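K.L.:
show me how the following folds:
(one chain, ligands or ions: 1)
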Amino acid sequence: MSLKLGVIGGGVMAEAIISCLIEKNIYSSSDIIISEPSVNRRQFWQEKYGVITTAENQQILDNSDVIILAVKPQILSTVISNLTLNSQEKKPLIISILAGVSLDKLAQGFAQFPLVRVMPNTPAIVGEAMTAITPNNLVSENQLNLTLSLFKAIGSVIEIPEYLMDAVTGLSGSGPAFVALMIEALADGGVASGLPRVIALELATQTVLGTAQLVKQKNLHPALLKDQVTSPGGTTIAGVAQLEKNGFRSAIISAVTAAYKRSQELG
Ligand SMILES: NC(=O)c1ccc[n+]([C@@H]2O[C@H](COP(=O)([O-])OP(=O)(O)OC[C@H]3O[C@@H](n4cnc5c(N)ncnc54)[C@H](OP(=O)(O)O)[C@@H]3O)[C@@H](O)[C@H]2O)c1
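P.N.:
You can find the predicted model right below:
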């Protein structure tokens with residue numbers, strides 16, 4: 001890929017994305033420039049990934065065709081106020097991964113720029129993200145396809161209308177924490193039943209991973225999978241009955257809708 005890729009904010013999510021793009025040969029290190037205030041972090045980027053680094057966000061703006069904006073939402077206005085935004089002949093594509101920051105809000109700073117709002121999630125770190133994207137009306141078809149290909153490198157990607165972003169945040173954004181709790185609880189149940197902790201955690205993790213892959217790869221409705229593994233009077237239906245008694249499904253539904261409402265409030 002010959003277009004220069006810039007990143008403003010070389011933190012955790014930036015590393016998850018860039019490491020996958022380099023590993024999958026979508027961008028070579030020499031075509032990536034990252035701005036980051038911390039000297040140590042810049043050195044880390046240079047040594048581990050061989051990318052170009054800078055402390056000046058303006059350099060990113062002036063030298064990139066595509067820019068991933070990956071700072072914390074609270075410092076967006078500081079970042080924008082320190083940029084000279086009319087110095088470029090051609091406005092680069094800005095891809096924002098900032099949680100809760102709308103296209104309208106981005107356009108207040110990056111006026112007349114092609115903008116894509118993106119919501120990835122933490123499994124990006126292992127190339128298994130679920131990412132939702134919404135472009136504004138200045139994004140060309142090529143730019144949209146480029147954005148899709150970038151985020152396919154870190155997992156699955158889906159294009160959605162922006163009004164669904166808060167719901168996406170509640171489900172796939174917050175979801176890794178809910179699933180992590182479930183893995184922990186499964187392991188605790190195993191320990192309560194006499195399994196050593198290390199074995200219980202391995203069993204719990206692989207069970208969640210394998211079940212998710214089964215549902216996804218076979219396009220199997222979860223209710224059907226549940227029916228397939230619950231034999232009459234058996235062990236699994238005894239466990240399912242306890243989950244229902246304790247409001248397991250309604251607890252998960254409430255967790256997603258609470259996260260959705262909180263995302264609306266924060267936005
Ligand atoms: N983590 C997730 O699961 C997740 C999921 C979806 C979306 N997001 C979004 O991704 C964004 C980044 O999150 P993160 O977890 O990667 O945070 P992070 O690790 O804190 O990364 C932010 C980076 O920006 C740097 N930075 C601070 N001020 C800067 C400036 N003025 N110019 C350039 N860089 C600056 C920080 O450097 P210092 O540390 O030296 O200040 C840090 O390296 C957030 O907006 C978040 O909403 C995160």
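
K.L.:
hmm, what's the outermost residue in the protein?
P.N.:
residue 233 (41.3 Å; Cα atoms, centre = their mean).

K.L.:
OK, contacts around the residue of the stretch 101-250 of the chain found nearest the ligand?
P.N.:
Across the stretch 101-250 of the chain, no residue is closer to the ligand than residue 122, which sits at 4.1 Å (Cβ to the nearest ligand atom). All C-beta spots, glycine's among them, are computed from the backbone N, C-alpha and C. Neighbour list for residue 122: 16, 129, 176 [criterion: Cβ atoms under 8 Å, 6 or more residues apart in numbering].

K.L.:
low pLDDT regions in the chain?
P.N.:
1-3 (pLDDT under 70).

K.L.:
just checking, what packs against the one helix or strand residue 146 maps to?
P.N.:
Using DSSP states H and E, residue 146 sits within helix 141-152. Where contact means 3 or more Cβ pairs under 8 Å, 6 or more residues apart in numbering; DSSP states H and E, helix 141-152 is packed against helix 12-23, strand 66-69, strand 93-96, strand 115-119, strand 129-135, strand 155-159.

K.L.:
buried sites along that helix?
P.N.:
By 16 or more other Cβ atoms under 10 Å, the buried positions in helix 141-152 come out as 143-144, 146-148, 150-151.

K.L.:
CSV for these, including distance to residue 38?
P.N.:
Shown next, in CSV, are these (distance: Cβ to Cβ, whole Å):
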residue, distance to residue 38
143, 30
144, 33
146, 29
147, 27
148, 31
150, 24
151, 26
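
K.L.:
list just the nearest of the residues you listed to residue 183.
P.N.:
residue 151 (25.1 Å; Cβ to Cβ).

K.L.:
need the contact list for that closest one.
P.N.:
With contact taken as Cβ under 8 Å, 6+ apart, residue 151 is in contact with 17, 118, 120, 129, 131, 133, 157.

K.L.:
does the ligand sit close to the helix holding residue 146?
P.N.:
No - using Cβ under 6 Å from any ligand atom, helix 141-152 stays clear of the ligand, with a minimum separation of 11.5 Å.

K.L.:
which residue, neighbours along the chain excluded, lies closest to whichever residue of the chain sits closest to the ligand?
P.N.:
Taking Cβ to the nearest ligand atom, the ligand has its nearest neighbour within the chain at residue 11, 1.8 Å off. Nearest residue to residue 11, sequence neighbours excluded (Cβ to Cβ, 6 or more residues apart in numbering): residue 70, at 6.3 Å.

K.L.:
measure the one you found to residue 201 for me?
P.N.:
Plainly put, residue 70 is 31 Å away from residue 201 if you go by Cβ to Cβ, to the nearest Å.
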